[in-house]
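Peer 1: quick one, what's the 3D model for this:
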Amino acid sequence: MLMHTPLHPTEVAFFTECYRPIINGVVASIDGLRAGLDDANVGVTIVAPHFPHERDDARAIVRLPSLPLPTSTGYRLCVPYLSPAARARISRASIVHVHSPFVTGWLGANIARRCGVPLVFTYHTRIDEYAHYAPFEPRIARAAMIALTRGFANATDAVIVPTAAMQRRLREIGVRVPIAVVPSSIDVAQFANGRRSFETRALLGVRDDARIVLAVSRLAKEKHLERAIDAIAHVRGAHLAIAGGGPDRALLEARAAGRGVRERVHFTGALAPAALPDVYASADAFVFPSPTETQGLVLAEALAAGLPVVAVDTPVNREVLAGFGRLAAPDPVALGAALETALAAGRDAVAREFARRRFGRARQVESVIEVYRAISECRTFGTPVRDYAPGSESYR
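Peer 2: Residues are numbered from 1 along each chain as shown. Below you'll find the predicted structure:
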């Protein structure tokens, strides 16, 4: 059965716990890769949870039955059931590519094993950094999530990570299978061509020529947006616009009031993806206070828009920015000083070109297809598979 695995995939099945109508970096990454594979004549079927009242477009999407979670969240608990028609459709795939180590991930792994096709896992999220959401002691939850990541990754043929920092992290926790470093892509041209306007600046909370620092993020504990709020208190006259929704809005509003900057901190709520290019174009600097990302897709978007970027200094952020933007210690004074410098610097056309080369869709798709080919050749011919990183001659 393994000998029938084609070396150039024509059909791939994606399995994900996180998909539309949810809007976040994981969904953007999945949709970007799907669009790129479509352009390369590789068909993609997406298996994702059913959400009440969600209507899918013409794309190939299989919805699993799902239940609401007991916590206040938009995510759903998947029921791992596929109809016979859906199973027949997915069985045509020559690669199973999972984007979660939870229910959909194990369902995809089971189907890959039954069909005798390679299994790839993209590590989008450091789930151990979300241990505070678990209904038991955080240290135990963190250890359990690390064990889950290690066990699931080692059950696959290869893992894709968006940064070399995450490759090192997975090796540290005991992942042994080949790991490919492939940055997630964005539509660079879309973000480079955003339009600056008074209307969009008003949406961000400013109706004059005051300077706007932008953050695009889910409003949640692990994003550490309080650091951006504290920092804006040290940037005279500047406003902070936070684009995104999430459970911590009230806490962040209280934080801004407590720091005496409530009139200079503005919350837009969740925005449609199509609105974001104009949002980036209408801001004057970008701040990224999160230390928990595997890549931080919004960093790539900000670079593509030419915005001067300030991020907390972490291995991932350092790698993604690659010398563009400014890194700062995670304290208000340091972040505030870096933002002052960024606001004075203005937009960066060179950063736009870097984003085009590093985060363009064609590069990601070429690398992912190379991963698919390498593990298919390994299964068919016993060809050894090694780790892969951008700039290397080959994944093999």
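Peer 1: please spell out the segments of this structure that come in under the pLDDT threshold.
Peer 2: Per-residue confidence for the chain (pLDDT under 70) gives these ranges: 1-7, 58-59, 72, 389-396.
Peer 1: swap in 90 and give it another go.
Peer 2: 1-10, 23, 52-60, 68-75, 77, 128-139, 207-208, 377-396 (pLDDT under 90).
Peer 1: so how far is residue 328 from residue 341?
Peer 2: Going from residue 341 to residue 328 by Cβ to Cβ, to the nearest Å gives 9 Å. (Glycine included, C-beta is placed from N, CA and C.)
Peer 1: just residue 305 next, same as before
Peer 2: For residue 305, the distance to residue 328 (Cβ to Cβ) stands at 20 Å.
Peer 1: show me where the stretch 51-200 of the chain has strands.
Peer 2: Listed in chain order, the strands of the stretch 51-200 of the chain (DSSP state E, counting those that start in this stretch) span 61-64, 66-68, 76-78, 95-98, 119-122, 158-161, 179-181.
Peer 1: neighbour count winner among residue 305 and residue 328?
Peer 2: residue 305 (30 against 24; other Cβ atoms under 10 Å).
Peer 1: contacting residues around that one?
Peer 2: 191, 192, 194, 277, 280, 281, 347, 352 (Cβ atoms under 8 Å, 6 or more residues apart in numbering).
Peer 1: determine which stretch of the strands of the stretch 51-200 of the chain is the most buried.
Peer 2: Highest mean neighbour count of the strands of the stretch 51-200 of the chain: strand 95-98, a mean of 27 (counted as mean count of other Cβ atoms under 10 Å).
Peer 1: and the helices in the stretch 151-300 of the chain?
Peer 2: 164-172, 188-192, 198-203, 225-232, 249-258, 276-282, 297-304 (DSSP state H, counting those that start in this stretch).
Peer 1: which one, of those, ends up nearest to residue 366?
Peer 2: Comparison of those against residue 366 by Cβ to Cβ identifies helix 188-192 as nearest, at 15.1 Å.
Peer 1: check which helices and strands that closest one sits against.
Peer 2: helix 276-282, helix 297-304, helix 349-359 (3 or more Cβ pairs under 8 Å, 6 or more residues apart in numbering; DSSP states H and E).
Peer 1: out of those helices, deepest packed?
Peer 2: helix 297-304 comes out most buried of those by mean count of other Cβ under 10 Å, with a mean of 27.
Peer 1: list of residues touching that helix?
Peer 2: For helix 297-304, the external contacting residues (Cβ under 8 Å, 6+ apart) are 25, 28-29, 183-186, 188, 191-192, 214, 216-217, 276, 280, 286, 288, 309, 311, 317, 320-321, 324-325, 348, 351-352, 354-356, 358-359.
Peer 1: show me how far the helix or strand following it is from its chain's centre.
Peer 2: Next helix or strand after helix 297-304 toward the C-terminus (DSSP states H and E): strand 309-312. In this view, strand 309-312 has its centroid 17 Å away from the chain centroid, taken as Cα atoms, centre = their mean, to the nearest Å.
Peer 1: and what of stretch 315-331?
Peer 2: What separates the centre of stretch 315-331 from the centre of its chain is 17 Å, taken as Cα atoms, centre = their mean.
Peer 1: end-to-end on stretch 319-332?
Peer 2: For stretch 319-332, the first-to-last residue distance is 23 Å (Cα to Cα, to the nearest Å).
Peer 1: for that stretch, buried residues please.
Peer 2: 319, 320, 321, 324, 325, 326, 327, 328, 330, 332 (16 or more other Cβ atoms under 10 Å).
Peer 1: over to stretch 228-241?
Peer 2: So, applying 16+ other Cβ under 10 Å, buried residues of stretch 228-241: 228, 229, 230, 231, 232, 233, 234, 235, 238, 239, 240, 241.
Peer 1: check which residues of stretch 109-129 are buried.
Peer 2: Along stretch 109-129, these residues count as buried under the neighbour rule (16+ other Cβ under 10 Å): 109, 111-112, 115, 117-129.
Peer 1: out of the helices and strands packed on helix 188-192, flag the one nearest residue 69.
Peer 2: Comparing those by Cβ to Cβ, helix 297-304 comes nearest, at 24.3 Å.
Peer 1: contacts for the strand ranked longest in the chain?
Peer 2: Scanning the chain for the longest strand, with DSSP state E as the assignment, gives strand 43-49. Residues from elsewhere that reach strand 43-49 (Cβ under 8 Å, 6+ apart): 10-20, 30, 34, 37-38, 59-64, 66, 75-78, 82, 86, 89-90, 93, 104, 107-108.
Peer 1: give me the distance between it and the centre of its chain.
Peer 2: The gap between where strand 43-49 is centred and where its chain is centred comes out at 17 Å by Cα atoms, centre = their mean.
Peer 1: got it, and stretch 34-46?
Peer 2: From the chain centre to the centre of stretch 34-46 is a distance of 18 Å (Cα atoms, centre = their mean).
Peer 1: mind checking the end-to-end distance for it?
Peer 2: Across stretch 34-46, first to last residue, Cα to Cα, it's 9 Å.
Peer 1: now do stretch 285-300
Peer 2: 14 Å.
Peer 1: what do you get for stretch 168-176?
Peer 2: Termini of stretch 168-176 sit 11 Å apart (Cα to Cα).
Peer 1: cool, stretch 236-254 as well?
Peer 2: Start and end residues of stretch 236-254 are separated by 20 Å (Cα to Cα).
Peer 1: then stretch 339-352?
Peer 2: Distance across stretch 339-352, first residue to last, is 19 Å (Cα to Cα).
Peer 1: got it, and stretch 39-57?
Peer 2: First-to-last residue span, stretch 39-57, Cα to Cα: 18 Å.
Peer 1: ok, stretch 172-187 next?
Peer 2: Terminal-residue distance, stretch 172-187 (Cα to Cα): 33 Å.
Peer 1: now swap in stretch 182-191 and tell me
Peer 2: Taking Cα to Cα, stretch 182-191 runs 20 Å from one end to the other.
Peer 1: may I see the buried residues of that stretch?
Peer 2: Of the residues in stretch 182-191, those buried (16+ other Cβ under 10 Å) are 182, 183, 184, 185, 186, 187, 188, 191.
Peer 1: which residues touch it?
Peer 2: Applying Cβ under 8 Å, 6+ apart, the set of residues contacting stretch 182-191 from outside is 25, 28-29, 32-33, 36, 160-163, 276-277, 280, 295, 297, 300-301, 304-305, 320, 352, 355-356, 358-361, 363-365, 367-368, 371, 388, 390.
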